[in-house]
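In: sequence first, predicted model second:
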Amino acid sequence: QKEVEQNSGPLSVPEGAIASLNCTYSDRGSQSFFWYRQYSGKSPELIMFIYSNGDKEDGRFTAQLNKASQYVSLLIRDSQPSDSATYLCAAKGGSSASKIIFGSGTRLSIRP
Amino acid sequence: GAGVSQSPSNKVTEKGKDVELRCDPISGHTALYWYRQSLGQGLEFLIYFQGNSAPDKSGLPSDRFSAERTGGSVSTLTIQRTQQEDSAVYLCASSLIEREMRNEQFFGPGTRLTVL
């Protein structure tokens, strides 16, 4: 079992709709979680981080964390073509206290 | 200000040769990470440096891989006797607030390694 799992996609969403990206993690001791966006051929860039149960909103992005279910999600409202990228979920803490473990990413495609 | 830089940006080498990849983190960042990303895959953790502590080498795939960080700043990842399966993009990241939850990482542009 991978430590951080994501559906590889591609996830296709019409422009203006809500894109929902999901991630599960296996280490119950993980403490903080990150969503990175990676455009093709580019390096990842941080979109959101969350460490408390519940929702965290930043502009069009909302991160959701449910530690009981070991589940993290990212919602993108009013999806734009520029949101088309691979989204990487990452977890930190627990048994691997310092290192950050990444999922394999979900490819998101926003169709005009 | 300057971000994380890596060199070279591209490296083509022959199987069996040794390669060195360099990372210059953001000045003052105490944590430095190396990752490997194969085509279409996620990031594979390789090694982590934090200040003067012993590095976490648990992600290094074999003893052909090693890394050092001199003076708490520049880091070099060395791959000895390269194999074709070593071909990937090697990414370096640094962060400042290591002990807190946030730990935002800033990534370099990566080094694309191709082993023929």
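Out: Now that the structure is in, tell me what you want to look at.

In: where's the residue nearest the centre of chain B, which helix or strand?
Out: For chain B, the residue nearest the mean C-alpha position is residue B:34 (2.9 Å; C-alpha atoms, centre = their mean). In this assignment (DSSP states H and E), residue B:34 forms part of strand B:31-37.

In: contacts for that strand?
Out: A:98-100, A:102, B:23, B:25, B:43-51, B:67, B:69, B:75, B:77, B:88-96, B:98, B:103, B:105, B:110 (C-beta atoms under 8 Å, 6 or more residues apart in numbering or on different chains). Glycine gets a C-beta too; all of them are placed from N, C-alpha and C.

In: please redo it, this time with the cut-off set to 6 Å
Out: B:25, B:43-50, B:67, B:75, B:77, B:88-95, B:98 (C-beta atoms under 6 Å, 6 or more residues apart in numbering or on different chains).

In: and what of stretch B:73-81?
Out: B:16, B:18-24, B:32, B:34, B:64-69, B:86.

In: so which of the contacts of strand B:31-37 sit within strands?
Out: Under the assignment DSSP state E, those contribute B:44-50, B:67, B:75, B:77, B:88-95 to strands.

In: can you name the residues of chain B sitting close to chain A?
Out: B:41-43, B:45, B:48, B:56, B:101-102, B:104, B:107, B:109-110 (C-beta under 6 Å from any C-beta of the partner chain).

In: point out the least confident one among those residues.
Out: Among these, residue B:101 carries the lowest pLDDT, at 62.

In: please report how far residue A:92 lies from chain B.
Out: 6 Å (C-beta to the nearest C-beta, to the nearest Å).
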